[in-house]
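1. with the sequence up front, the predicted model follows.
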Amino acid sequence: MAGKERPRRLDGGRRGLDSQGCIEREGSLGRIAHAFRPVVATARDRILDVFGARLHSAYLYGSIPRGTARVGRSDLDLLLALHQEPTDADRAEARALDEALDKEFPQINGSGTLLSSRTRLLSDLERYDGGWFVACLCTPLLGEDLAEFLPRYRPDSLLARETNGDLALHLERWRRRVEEVTGGASGDAATDDALRSLVRGASRHLVRTGFTLVMPRWNGWTSDLHEMAEVFGSYYPERAGQMRSAADAAYEPSPDPAVLRSYVDDVGPWLAEEYARVHGVKTPRPDDP
């Protein structure tokens, strides 16, 4: 397992880190490809129209602000920080916004909007999860940037624990969803779409968890799922093939439920146990099941 030489990094030693060893913020509005600029401009206007004075700030994250989005394949990822805790009505309006954007712009393959509150994102509980996410992975789109109130982050064990130290909870949710989805008719288009969506999300989460398991040893940051899988595999070669397959599935998801069952019955439980051994378990949240 451990003891393998780490993969070479393109910058000679500080992949994704600044000169002080802190994670650099990824993404910018300037990196958005021309094809996605109308999507972002429309989203910006509609967020203001829908949420108005309730909105503290809005952010882009994911492949679009990183400049790696694929036309017709990538989704639009948004985070909205509200002045108050989101309500059911707020969530319904966010879903309606996502559905309208997805329908109007064929260059995106779906839109997803996360909602939180300014207070929660700046809380001690979220300092190394939601706060880190805003400060390092989100690109400001509207309002006051919450990163100004957050610390600099290093790729250490505390960050690893608080970002992905809850895989065991996710495995239970995935297991339930597999049973729910596969209860549909075999070959049904809606069932296949649901399975692809579940495979895509679970694969992404699994690869990111595998990467953050070894992130402190690698001492760097990347959001590229294939690179994450390769970094993980250099420390756990006996599981490298499974992680590479998960990275592939994150980009090209299959509707095969066997993929998900391999996650919840094999590599997932192993990874959750190893993560807890190395970094501990994420601090429980009030909304955990």
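-> It's in.

2. which parts of stretch 62-78 are buried?
-> 62, 63, 64, 65, 66, 69, 74, 75, 76, 77, 78 (16 or more other C-beta atoms under 10 Å). For glycine as for every other residue, the C-beta is placed from the backbone atoms N, C-alpha and C.

3. now do stretch 134-144
-> 134, 135, 136, 137, 138, 139, 140, 141, 142, 143.

4. let me see the contact set for the nearest residue to residue 128 once chain neighbours are set aside.
-> Nearest residue to residue 128, sequence neighbours excluded (C-beta to C-beta, 6 or more residues apart in numbering): residue 162, at 3.7 Å. Contacts for residue 162 (C-beta atoms under 8 Å, 6 or more residues apart in numbering) come out as 127, 128, 129, 132, 282, 283.

5. ok, of those, which come out buried?
-> Buried, going by 16+ other C-beta under 10 Å: 127, 128, 129, 132, 282, out of those.

6. next step: the residues you listed restricted to helices.
-> residue 132 (DSSP state H).

7. with distance to residue 17 and pLDDT as added columns, please give the buried ones among the contacts of residue 162 in a markdown table.
-> Formatted as a markdown table, the buried ones among the contacts of residue 162 follow (distance: C-beta to C-beta, whole Å; pLDDT from 0 to 100):
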| residue | distance to residue 17 | pLDDT |
| --- | --- | --- |
| 127 | 19 | 98 |
| 128 | 17 | 98 |
| 129 | 19 | 98 |
| 132 | 14 | 98 |
| 282 | 23 | 97 |
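
8. pLDDT below threshold where in this structure?
-> Residue ranges of the chain with pLDDT under 70: 1-14, 184-187.

9. if we use 80, what do you get?
-> 1-14, 183-188, 190, 288-289 (pLDDT under 80).

10. from the buried ones among the contacts of residue 162, pick the one nearest residue 82.
-> Residue 82 lies nearest to residue 129 out of those, by C-beta to C-beta, at 17.8 Å.

11. show me what contacts that closest one?
-> Contacts of residue 129 (C-beta under 8 Å, 6+ apart): 162, 163, 282.

12. give me that answer again for 7 Å
-> Residues near residue 129 by C-beta atoms under 7 Å, 6 or more residues apart in numbering: 162, 163.

13. the buried residues of stretch 62-78: which two are farthest apart?
-> Going by C-beta to C-beta, the pair spanning these furthest: 66 and 78, at 14.4 Å.

14. name the SS class of the residue lying closest to residue 213 once chain neighbours are set aside, please.
-> Nearest non-adjacent residue to residue 213, counting by C-beta to C-beta, 6+ apart: residue 275, 5.4 Å away. Secondary structure assignment for residue 275 (DSSP: H, G, I helix; E, B strand; the rest coil): helix.
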